[in-house]
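Peer 1: here's my sequence, what's the structure:
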Amino acid sequence: MSVVRPPPGPPLPRPILPRDRSVLDRLIEYFIGDGPQNRFALICAECHSHNGMALREEFEYIGNICTQPFTYYYVIIIIIIILIIVLLLLLLLIAVKCIKMIVC
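Peer 2: As a prediction, this is how the structure comes out:
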């Protein structure tokens, strides 16, 4: 069976099978019971990315580790940094106005 090369990052729990399978691959899948029809997709609850496939028998017991961790956290951190910068600029503007009032 040929296996598609996984995306960069941590290894997937199970390899992703290619769509174009030969007759021999299909026969092996039929007798062994290991094929796309007998697997469930592992979807991350946080970022909704596809993290591989799990066999029906092990789906309830497998731990799903996200291959794209902290995707949303980066966005939140960037928003927080922008808000801090805006607040600092506002404080600087208020400080400059107060200094002008004291001097005048």
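Peer 1: only C-alpha atoms from now on, for both contacts and neighbour counts.
Peer 2: Noted.
Peer 1: what's the mean pLDDT across the host helix or strand of Leu88?
Peer 2: Counting by DSSP states H and E, the element that carries Leu88 is helix 71-103. Across helix 71-103, pLDDT averages out at 86.
Peer 1: distance between it and the chain's centre?
Peer 2: Centroid separation between helix 71-103 and its chain, computed with Cα atoms, centre = their mean, to the nearest Å, is 31 Å.
Peer 1: where's Glu57 relative to Glu46, distance?
Peer 2: As judged by Cα to Cα, to the nearest Å, Glu57 and Glu46 stand 24 Å apart.
Peer 1: same check on Ser22?
Peer 2: 35 Å.
Peer 1: again with Tyr61
Peer 2: 19 Å.
Peer 1: and Arg21, by the same measure?
Peer 2: For Arg21, the distance to Glu46 - Cα to Cα - is 32 Å.
Peer 1: what does Tyr73 give?
Peer 2: On the measure of Cα to Cα, Tyr73 and Glu46 end up 10 Å apart.
Peer 1: do the same with Phe40
Peer 2: Taking Cα to Cα, one finds Phe40 at 18 Å from Glu46.
Peer 1: of those two, give the one with the bigger neighbour count.
Peer 2: Neighbours were counted for Phe40 and for Glu46 using other Cα atoms under 10 Å; Phe40 has more, 15 against 12.
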